[in-house]
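In: Please work out how this folds:
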Amino acid sequence: MSLYTITGAQLAFGHVALLDHADFSLEAGERVGLIGRNGAGKSSLLKIVADLTKPDDGLVTRQQNLTSVYVPQEPEFDTDDTVFEAVAAGLTHARALLDEYDAVANQLADAPEGPEHDALMSRMNTLQSSLDTADAWNWSTRVATTLQQIGLNGEARVGSLSGGMQKRVALARALVVQPDLLLLDEPTNHLDFDGIRWLEELLVSLRAGLLFITHDRAFLDRVATRIVELDRGRLLSYPGNFSAYQTRKAQQLEIERVENEKADKLLAQEEVWIRKGVEARRTRSVGRIARLVQMRNERAERRNVQGNVKLDVGQGEKSGKIVAELTDVTKRYGSRTVVDRFTATVMRGDKIGFVGPNGAGKTTLLKMILGELPPDEGTVRVGTNLQVAYFDQMRAQLDLEKSLADTISPGSEWVEVNGQRKHVMSYLGDFLFAPERARSPVKSLSGGERNRLLLARLFARPANVLVLDEPTNDLDIPTLELLEELLTDYDGTVLLVSHDRAFLDNVATSVIASEGGGKWREYVGGFTDWQIQSDRSQRLSAQQETQKEPGKEAAPKDSGAGRNTQRTAKLSFKEQRELEALPEKIAALEAEQKTIGAQLEDGSIFAKDPQEGTRLTERYAAIDEELLISLERWDELENRRK
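Out: Residues are numbered from 1 along each chain as shown. Model prediction:
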């Protein structure tokens, strides 16, 4: 049985229908990722499912006694509360029942036999049943257990925690309720990579139903068992993760385009026919005329795919070949070393991603590269002719009282991008802002729209160095993909701070990562490349530490064993056999992956058998991991053999 079902839902704000006779259901144990354009109505739908608001029309069915918990994008807390108190607030109803039970028990002790005594006894039995159902007797233990599972200190003050830790408190407050249905709005906001991985593992292990909104494609791939897209008022369901959705969505849009072209062609032919001369009118079919009227109505009601943002960055003059050269730079704040003897060279055209936990010092390192912050030790040489444009994750550059037009081009109605003048209304239209909104204040925009406006402001200024601090927050997936394309083709230098793993993979040519203790290291490639190289480096370091331990004396001192014996002495018989079998195993894995790739290539498998398509997609990804492990093992054994 479905946990939740909504049929024929309608919801509109002004003339825009966010839900247009939409149907949706959620089964027990499902993990559904809700996606769609900014402003499509995703958060509104989530609030309807959470029973915080109602649709204008439609039939809503909830499973009896369904417990659902909603975690908003920006959870609110009393900053003076301890973490224990904040999490226990999720059990307010259970604690109220327990308080009432204690009060009734006290009254019952003093009440004489009679009608009042019987009424109190009846109420006490009812409360006891409710407390049993809610498992409220041991609420304090439940809170302590949840805090331990999530790794929170119950005595800490909420106001002293970072945004990422406050997000964990909000999740703990939801999970302590032990809900049947968990509703999350942008759960990865404010979390660093470790926090996102922790959240993925937590959600995958949950038995509760899950409905969540996110634009993090890697997160969707890892967590979702089904994708639901809110597209032009309709809810479209796609089994499998985000990768499977992309394949099926492309096929669906192509079918829709072909059908619309056929309908438009037929409508054009019928319009020609109806306008023929008097002779043709005598023979006109009443049914044909009625069909023409219906076709006109269908064409008028058709909601076309919303256009994408048109991004074009203003290219400044070329900077010098070397943008920045850092030599043994060190930066300290009090006793804490944020950057410790770091050396790197940033060249024109580099696209560098900065990764590390929240508070590791990414912004500090960025400022030193740009020459805005002097190091305590070492030297920084900044290149010539740098024109730097900033994208600030806190959107501090936006004046909330200013209009959109004044934000883009203060005091003028024209914007110049790459030598071409463009009216500010037309330029805002490129970023999907309607002309009537150009005079609206910035404070009227949603989070995603403010990010779009900041991108519009950023790209209207000529620059050869782009500094992007969390540019992906609140941007919808089509805009993200377009921004990736723009940055990939951009001739200048990009310095990027982001927790979006797919975005880093698609944009960054190298990654500067925090290794802890103020140590930073540069890796070639994107996020995945950094992970692979970092894991390999840690394993090699561990092996070297093991080899340094005493034990070499155990090797035979007799040199008469010969050279061949010395070459193979480091491998046991079992390891030697493993080494001989690895090439065949690697070849078999590559052949299997090639076969699966051919099956997935045209996407038809998802139409014929969605479950098999999902299984093959997961197997394809698993083979990648197995190949990497096998290749690294082969390399390790071969080096030891030599």
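
In: My guess is Arg232 contacts Asp20. True?
Out: Yes: using Cβ atoms under 8 Å, Arg232 makes contact with Asp20 at a distance of 7.4 Å. Any C-beta I mention is one placed from the backbone N, CA and C, and that applies to glycine too.

In: Point out where the stretch 1-150 of the chain drops to low pLDDT.
Out: Applying pLDDT under 70 to the stretch 1-150 of the chain flags residues 1, 14-16, 131-136.

In: Mind jotting down where the strands sit in it?
Out: 2-13, 16-27, 31-36, 57-62, 68-71 (DSSP state E, counting those that start in this stretch).

In: so what strands line up beside the third one?
Out: What that stands for is strand 31-36. strand 209-213 (parallel), strand 226-231 (parallel) (DSSP bridges).

In: what is the rounded mean pLDDT of the first one?
Out: This predicted structure assigns strand 209-213 an average pLDDT of 93.

In: Outside of the helix or strand that it is followed by itself, which residues are in contact with it?
Out: Later in the chain than strand 209-213, the nearest helix or strand by DSSP states H and E is helix 217-223. With contact meaning Cβ atoms under 8 Å, 6 or more residues apart in numbering, helix 217-223 is reached by 31, 33, 35, 188, 196, 199-200, 203-204, 210, 212, 214, 227, 241-243, 477, 480, 500-502.

In: Mind exporting the C-alpha coordinates of helix 217-223 to CSV?
Out: This file holds the C-alpha atoms of helix 217-223, laid out as CSV (Å, rounded to 0.1, in the frame of the first residue of the first chain):
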residue,chain,number,x,y,z
ARG,A,217,23.6,14.8,-9.4
ALA,A,218,26.1,12.5,-7.7
PHE,A,219,23.9,12.5,-4.6
LEU,A,220,20.8,11.6,-6.7
ASP,A,221,22.8,8.8,-8.4
ARG,A,222,23.8,7.3,-5.0
VAL,A,223,20.6,7.7,-3.0
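
In: Distance from that helix to the middle of the chain?
Out: 7 Å (Cα atoms, centre = their mean, to the nearest Å).

In: Around the nearest residue to Ala463 once chain neighbours are set aside, how many other residues sit close by?
Out: Spatial nearest neighbour of Ala463, excluding adjacent residues (Cβ to Cβ, 6 or more residues apart in numbering): Ala389 at 3.6 Å. For Ala389, the neighbour count with other Cβ atoms under 10 Å is 20.

In: repeat for Asp376
Out: With other Cβ under 10 Å as criterion, Asp376 counts 12.

In: wait, doesn't it sit right on Arg332?
Out: Yes: Asp376 is in contact with Arg332 according to Cβ under 8 Å; the separation is 5.5 Å.

In: so what sits against both of the two?
Out: With Cβ under 8 Å, 6+ apart as the test, Asp376 and Arg332 reach no residue in common.

In: rewinding a little: out of the contacts of helix 217-223, which end up buried?
Out: 31, 33, 35, 188, 196, 199-200, 203, 210, 212, 214, 227, 241-243, 477, 480, 500-502 (16 or more other Cβ atoms under 10 Å).

In: Point out the other helices and strands that the helix or strand Leu366 falls within packs with.
Out: Here Leu366, judged by DSSP H and E, is contained in helix 362-369. Other helices and strands packing on helix 362-369, by 3 or more Cβ pairs under 8 Å, 6 or more residues apart in numbering; DSSP states H and E, are strand 322-333, strand 336-347, strand 351-355, strand 465-469, strand 493-497.

In: what does that helix contact?
Out: 323-324, 326, 329, 331, 338-339, 342, 346, 354-356, 373-375, 380, 467, 469, 495, 497, 512, 514, 520.

In: The most centrally placed residue in the chain and Ala172: what is the separation?
Out: For the chain, the residue sitting closest to the mean C-alpha position, by Cα atoms, centre = their mean, is Asp216 at 1.8 Å. For Asp216, the distance to Ala172 equals 21 Å [Cβ to Cβ, to the nearest Å].

In: looking at the strands of the stretch 1-150 of the chain, which is buried most?
Out: strand 31-36 (a mean of 23; mean count of other Cβ atoms under 10 Å).

In: and it with strand 16-27, angle?
Out: With axes from the mean of the first three to the mean of the last three Cα atoms, to 10 degrees applied, the angle from strand 31-36 to strand 16-27 works out at 170 degrees.

In: For strand 31-36, what is the distance to the chain centroid?
Out: Distance of strand 31-36 from its chain centroid, counting by Cα atoms, centre = their mean, is 11 Å.

In: circling back to that earlier point, with distance to Asp399 as extra columns, can I get the strands paired with strand 31-36 in JSON lines?
Out: What follows is those, written out as JSON lines (distance: least, Cβ to Cβ, whole Å):
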{"stretch": "strand 209-213", "distance to Asp399": "28"}
{"stretch": "strand 226-231", "distance to Asp399": "31"}
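
In: between those, which one is nearest to Val143?
Out: Smallest distance to Val143 across the strands paired with strand 31-36 (Cβ to Cβ): 21.8 Å, for strand 209-213.

In: Surely Pro441 is in contact with Leu400?
Out: Yes: using Cβ under 8 Å, Pro441 is in contact with Leu400, at 6.6 Å.

In: Pull up the overlap in contacts between these two.
Out: By Cβ under 8 Å, 6+ apart, no residue touches both Pro441 and Leu400.

In: which residues does the residue nearest to Ala463 bridge with?
Out: Leu466.

In: To what extent is Arg257 buried, counted in neighbours?
Out: Using other Cβ under 10 Å, Arg257 has 11 neighbouring residues.

In: what's the helix or strand containing it packed up against?
Out: Assigned by DSSP H and E, Arg257 falls within helix 242-274. Helix 242-274 sits against strand 31-36, helix 217-223, strand 226-231, strand 234-239, helix 286-301, helix 604-608, helix 610-641, with contacts defined as 3+ Cβ pairs under 8 Å, 6+ apart.

In: which one of those lies closest to Leu453?
Out: Closest to Leu453 of the helices and strands packed on helix 242-274 is strand 31-36 (Cβ to Cβ; 19.6 Å).
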